[in-house]
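[1] my questions are about this predicted structure, shown below with the sequence.
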Amino acid sequence: MTKKEIIEMAEKAGITISGEAIFRLCELVEKHERIACANIADSYVNGLERNYSEIIAEKIIARGQK
C-alpha cells in the first residue's frame with residue numbers, strides 16, 4: 001500500500017490529517033502491513049523449508065528499514 005493510497009483511504013473515511021502527521025501515519029500503517037505479510041509468509045512452511053519462510057519474512061520486514 002502506498003502513502004497516496006493511505007491518504008485517499010483516510011480522506012474517504014472522513015479523516016483529515018495534514019503535515020507530518022499523515023506521513024507518520026503512513027509509516028505506521030506500512031510497518032504494520034509488512035509485519036502482517038511477514039507473519040503470513042513465516043506461517044506457511046515447516047520442516048527443512050522453514051528457513052526459506054524466515055528469510056522471506058525478514059526481507060519483507062527489511063523493506064521498511066531503508
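    Noted; the coordinates are in hand.
[2] so where's the protein shaky on pLDDT?
    1, 44-51, 64-66 (pLDDT under 70).
[3] where do the helices sit along this protein?
    Read by DSSP state H, the chain holds these helices, from start to end of the chain: 3-12, 20-43, 50-62.
[4] list the contacts of residue 63.
    Contacts were defined as Cβ atoms under 8 Å, 6 or more residues apart in numbering; by that measure residue 63 touches residue 34. Glycine gets a C-beta too; all of them are placed from N, C-alpha and C.
[5] that one and residue 56: what is the separation?
    When distance is defined by Cβ to Cβ, to the nearest Å, residue 63 is 11 Å away from residue 56.
[6] how many residues are close by residue 16?
    The local packing count at residue 16 equals 8, with neighbours defined by other Cβ atoms under 10 Å.
[7] again with residue 26
    The local packing of residue 26 (other Cβ under 10 Å) involves 19 other residues.
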